[in-house]
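Q: quick one, structure for this:
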Amino acid sequence: FWHRINNNATLASTTTEKRLAMYDVFISHANADKASYVDDLKNSLSKLNIQIFYDKDTLEWGDNWKNKILEGVDKAEFAIIVISENFFGREWTEKELTDFLSRQNRNGQKIILPILHNITVAQLQEKYPAIADIQALDWSKYSCDEIALKFAAQLIKRLKA
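A: Have a look, this model is predicted:
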């Protein structure tokens, strides 16, 4: 009996250790896109009880916001990157993107899940050639709920691996 319990505890411990991320997903976006799209996407993800780093909800009064964002980038399993014209050339969105690209290249796992928001693939290729080859979703072809379900499917695949 105790042998079975210890084996099950070992299995549970191994499963827990496999995924130590604090957040399932970090939503990287330009602040200008919050009201028009990102808030709705975050709400759809929340319906699935997904652990989200979303600056609007995670940052608290008195936090060192730079350190908190860097911690979120480091402790997220995935990054949904909402790329728009507002995203281009912003210091922090580009820093987040660079950090996630570095992690993805370093560990070889899929981390970045881009969403094109009011931009074309050609614009993405011109501005960010490093992610132009990563399959992106066009926000106009999927509802926020559909994108949340697609994310959940990626999260489940990761957990099963």
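
Q: by contact count, what packs against the longest strand seen in the chain?
A: Looking across the chain with DSSP state E, the single longest strand is strand 76-83. Under the contact criterion of 3 or more CB pairs under 8 Å, 6 or more residues apart in numbering; DSSP states H and E, strand 76-83 touches strand 23-28, helix 91-107, strand 112-116, helix 144-160. The way it works is simple: take the backbone N, C-alpha and C, and place the C-beta from them, glycine included.

Q: for residue 87, which residues are in contact?
A: By CB atoms under 8 Å, 6 or more residues apart in numbering, the contact list for residue 87 reads 29-30, 33, 81, 93, 117.

Q: pLDDT weak spots in this structure?
A: Low-confidence segments of the chain (pLDDT under 70): 1-20.

Q: how does it look with 50?
A: For the chain, applying pLDDT under 50 flags the ranges 1-19.

Q: centroid-nearest residue for it?
A: residue 79 (2.0 Å; CA atoms, centre = their mean).

Q: wait, that residue touches residue 25, no?
A: Yes: between residue 79 and residue 25 a contact is recorded at 6.9 Å, counting by CB atoms under 8 Å.
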